[in-house]
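**Q** Build me a structure from this.
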Amino acid sequence: METIKNTPAETQNKTAETFKMTGNWETQSKELKTKFSKLTDSDLKFETGKESELLGRIQTRLNKNREEVIGIIKNVQTEKA
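**A** Residues are numbered from 1 along each chain as shown. So this is what the prediction gives:
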């Protein structure tokens, strides 16, 4: 029996696809702007179903990988919960 392992890119894509925004994004985006002054309103514009685009903008602005950005957002979600 052969074990199939995901490549890092496949794992990253699955994480991005399954990442869903929770809670009050307006409050969370304000917190992100406080923590990361580089972020703009345009970077943080959220549209339902376009989480991947949001992650990409934040990733580019902060020079972080997708997993790091997801972790940052999840931390803010947890703090605001």
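
**Q** switch to C-alpha atoms for all contacts and neighbour counts from now on
**A** Noted.

**Q** next SSE after the helix or strand bottoming out on mean pLDDT in the chain?
**A** When each helix and strand of the chain is scored by mean pLDDT, DSSP states H and E, helix 8-18 comes last, with a mean of 50. Remark: after helix 8-18, the chain's next helix or strand is helix 25-35, criterion DSSP states H and E.

**Q** What is that following helix packed up against?
**A** helix 66-80 (3 or more Cα pairs under 8 Å, 6 or more residues apart in numbering; DSSP states H and E).

**Q** The helix it packs on relative to helix 25-35, how many degrees between them?
**A** With axes from the mean of the first three to the mean of the last three Cα atoms, to 10 degrees defining the directions, helix 66-80 sits at 110 degrees from helix 25-35.

**Q** Only alpha carbons, please: show helix 66-80 as PDB.
**A** Provided in PDB are the C-alpha atoms of helix 66-80 (Å, rounded to 0.1, in the frame of the first residue of the first chain):
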ATOM      1  CA  ARG A  66       0.000  32.200   3.500                       C
ATOM      2  CA  GLU A  67       0.200  30.000   6.600                       C
ATOM      3  CA  GLU A  68       1.700  32.900   8.600                       C
ATOM      4  CA  VAL A  69      -1.100  35.200   7.500                       C
ATOM      5  CA  ILE A  70      -3.800  32.700   8.400                       C
ATOM      6  CA  GLY A  71      -2.200  32.300  11.800                       C
ATOM      7  CA  ILE A  72      -2.200  36.100  12.300                       C
ATOM      8  CA  ILE A  73      -5.900  36.400  11.300                       C
ATOM      9  CA  LYS A  74      -6.800  33.400  13.500                       C
ATOM     10  CA  ASN A  75      -5.000  35.000  16.500                       C
ATOM     11  CA  VAL A  76      -7.000  38.200  16.000                       C
ATOM     12  CA  GLN A  77     -10.200  36.200  15.700                       C
ATOM     13  CA  THR A  78      -9.400  34.400  19.000                       C
ATOM     14  CA  GLU A  79      -8.600  37.700  20.700                       C
ATOM     15  CA  LYS A  80     -11.900  39.200  19.600                       C
END
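
**Q** Having no further points to raise, I will conclude here.
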